[in-house]
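Chemist: no sequence for this one, just the structure:
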């Protein structure tokens, strides 16, 4: 049973974990069950960004947006419907209900762990093995432990754009609390967040203009994949502006938002009703007083760690987004498993060689794992590329979901799959099939010659690898 911390409670713990995110919650409960006296410190809500403002709420709203999209396409399937309208307050209520359910599950897990104390407040280091907490209810607590884990995550970053502090700019959290869909949403940023929200609100009925500094969306992807994504968004009615840099923003005379941008053709002014800044996230390290523990951050504020997740301070670890690198929930959860193995089982687990799969939840999804073509080329590898359009996929044709492509990079000497991008309906699920092949060392020829159920999306991996040899 979780204990309420009293002012005279013992200050010494076996482990102190700062942040109840997707690594902090399971690690704290595992340590407590193993007999470690453990304190879990959380400033706001248990569950971290994923549950409260990231994966769970956004994908819940993406699902509503897809229903609206399919309803408008009903005639394509021979189904007649009436006018499609969107009630954003009901969508928001559904999102909040699911978030509260997930958050409640995390809280019950914590409360059920004997020997685990949940302390609500803001933590910072007061020494190498000492944590001071400004309690949310008032007062200060000081704890010490030989093992300290930082799982404080990140928050939305606002760009240094002149005039931004004078307009009601939205971030990835506040945009989900709108009562109505914007008339015209201006989106700064062509990464995962900008694309997901841009398409979502387009489907909710908003006009959307997306501004991207570079010459392609999703700058880590291969150009052909990024170009296909841009084509899909444009087909959905989104105005995608590449090589376009925000210069300044201000309120216009009619109360709207005027965003001045620099384009290859010169400056122009974009006018919208709402502005979303989707230019990445910054780590929650600025209030931790890390120098007191002998920990330095990098130029972006993230905490460097080695492949065992150790910081530069003995006994102090950093898990999840706060350490930099891939900012995905499944990576944070695997960080927890690595530390659990090493602390409780005397193992030697590490991040070395870890595959980093992810899915961008635009529609159709982009599932990615392993090396891109441009990465393989930069590494000087001897590789081959397999690629087919989704219009070659029988299941996609049958369901009228033919947008996108399948692409894989294969080692030309060993026939091992080096990476894949699946931009198509349920692309994340199909990508996972190839990830499992990579994990098992299965050469592409086995998938090419495999017998899979017809008609399924994964069955078309046959066609993907046969196309490489034609």
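Modeler: Great, that's in hand. Just so we're clear, the structure is a prediction, and the values are computed from it rather than from any experiment. Residues are numbered from 1 along each chain as shown.
Chemist: excluding covalently adjacent residues, which one is nearest to the residue nearest the centre of the chain?
Modeler: Geometric centre of the chain, nearest residue: residue 328, 4.7 Å, by CA atoms, centre = their mean. Nearest residue to residue 328 in three dimensions, chain neighbours excluded: residue 358, at 5.4 Å (CB to CB, 6 or more residues apart in numbering). For the C-beta atoms, the positions are set from N, CA and C on the backbone; glycine is no exception.
Chemist: quick one: pLDDT of that neighbour?
Modeler: According to the per-residue confidence, residue 358 scores 97 in pLDDT.
Chemist: as a check, name the ranges of all helices in the stretch 201-350 of the chain.
Modeler: Per DSSP state H, counting those that start in this stretch, the stretch 201-350 of the chain carries helices over the ranges 223-235, 329-344.
Chemist: among those helices, which comes closest to residue 211?
Modeler: helix 223-235 (12.7 Å; CB to CB).
Chemist: in the closest one, what counts as buried?
Modeler: 224, 225, 226, 228, 229, 230, 232, 233 (16 or more other CB atoms under 10 Å).
Chemist: ok, stretch 391-404 next?
Modeler: Buried residues in stretch 391-404 (16+ other CB under 10 Å): 393, 395, 396, 401, 402, 403, 404.
Chemist: identify the residues contacting the fourth one.
Modeler: Think residue 401. 364, 390, 424, 425 (CB atoms under 8 Å, 6 or more residues apart in numbering).
Chemist: would TSV of these with distance to residue 181 be doable?
Modeler: Formatted as TSV, the contacts of residue 401 follow (distance: CB to CB, whole Å):
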residue	distance to residue 181
364	22
390	29
424	27
425	25
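Chemist: ranking by neighbours, what's the top pick from the residues you listed?
Modeler: residue 424 (29 neighbours; other CB atoms under 10 Å).
Chemist: distance of it from residue 401?
Modeler: Separation of residue 424 from residue 401 (CB to CB, to the nearest Å): 7 Å.
Chemist: and what of residue 332?
Modeler: Distance from residue 332 to residue 401, by CB to CB: 31 Å.
Chemist: for residue 127, the count of nearby residues, please.
Modeler: Counted with other CB under 10 Å, residue 127 comes out at 13.
Chemist: what bridges to it?
Modeler: residue 130 (DSSP bridges).
Chemist: that one and residue 294 touch, don't they?
Modeler: No. At 9.5 Å, residue 127 and residue 294 do not qualify as touching, with contact defined as CB atoms under 8 Å.
Chemist: pLDDT weak spots in the protein?
Modeler: 1-10, 470 (pLDDT under 70).
Chemist: what's the domain layout of it?
Modeler: With domains defined by automatic domain parsing, the chain comprises 12-51+94-155+282-344, 164-279, 364-467.
Chemist: for residue 66, find the nearest of the ones you listed.
Modeler: domain 164-279 (7.3 Å).
Chemist: the closest one: end-to-end distance?
Modeler: 13 Å (CA to CA, to the nearest Å).
Chemist: and if you look at stretch 34-49?
Modeler: 27 Å.
Chemist: what strand or helix carries residue 377?
Modeler: helix 373-378 (DSSP states H and E).
Chemist: other SSEs contacting that helix?
Modeler: strand 383-389, strand 405-411, strand 417-424 (3 or more CB pairs under 8 Å, 6 or more residues apart in numbering; DSSP states H and E).
Chemist: may I see the buried residues of that helix?
Modeler: So helix 373-378, judged by 16+ other CB under 10 Å, has buried residues 373, 375, 376.
Chemist: got a list of contacts for it?
Modeler: Residues contacting helix 373-378 (CB under 8 Å, 6+ apart): 222, 223, 383, 385, 407, 409, 418, 419.
Chemist: before we move on, the earlier item: which residues does the residue nearest to residue 328 contact?
Modeler: Counted by CB under 8 Å, 6+ apart, residue 358 has contacts 326, 328, 367, 368, 369.
Chemist: residue 300 contacts residue 322, correct?
Modeler: No. In this structure, residue 300 is not within contact of residue 322 by CB under 8 Å, at 11.2 Å.
Chemist: overlap in contacts of the two?
Modeler: The contact lists of residue 300 and residue 322 share residue 283, where a contact means CB under 8 Å, 6+ apart.
Chemist: more crowded one of these two?
Modeler: residue 322 (26 against 11).
Chemist: so the more buried one is in contact with residue 155, correct?
Modeler: No. Here residue 322 does not reach residue 155: they are 10.6 Å apart, not a contact under CB under 8 Å.
Chemist: shared neighbours of the two, which are they?
Modeler: With CB under 8 Å, 6+ apart as the test, residue 322 and residue 155 both reach residue 284.
Chemist: what's the longest helix seen in the chain packed up against?
Modeler: For the chain, the longest helix by residue count, based on DSSP state H, is helix 88-111. In terms of contacts (3+ CB pairs under 8 Å, 6+ apart), helix 88-111 is packed against helix 24-33, helix 48-52, helix 55-72, strand 116-127.
Chemist: would you list the ones you listed in JSON lines and tack on distance to residue 15?
Modeler: Listed next are these as JSON lines, based on distance: least, CB to CB, whole Å:
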{"stretch": "helix 24-33", "distance to residue 15": "5"}
{"stretch": "helix 48-52", "distance to residue 15": "18"}
{"stretch": "helix 55-72", "distance to residue 15": "26"}
{"stretch": "strand 116-127", "distance to residue 15": "10"}
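Chemist: quick check: which of these is nearest to residue 435?
Modeler: Short answer: helix 55-72, nearest of these by CB to CB, at 18.4 Å.
Chemist: touching that closest one from outside, list them.
Modeler: 50, 81, 84, 86, 91, 94-96, 98-99, 102, 172, 176, 196-197, 199-201, 203-204, 329, 361, 363.
Chemist: give me the buried positions along stretch 257-274.
Modeler: For stretch 257-274, by 16+ other CB under 10 Å, it's 257, 258, 259, 260, 261, 270, 272, 273, 274.
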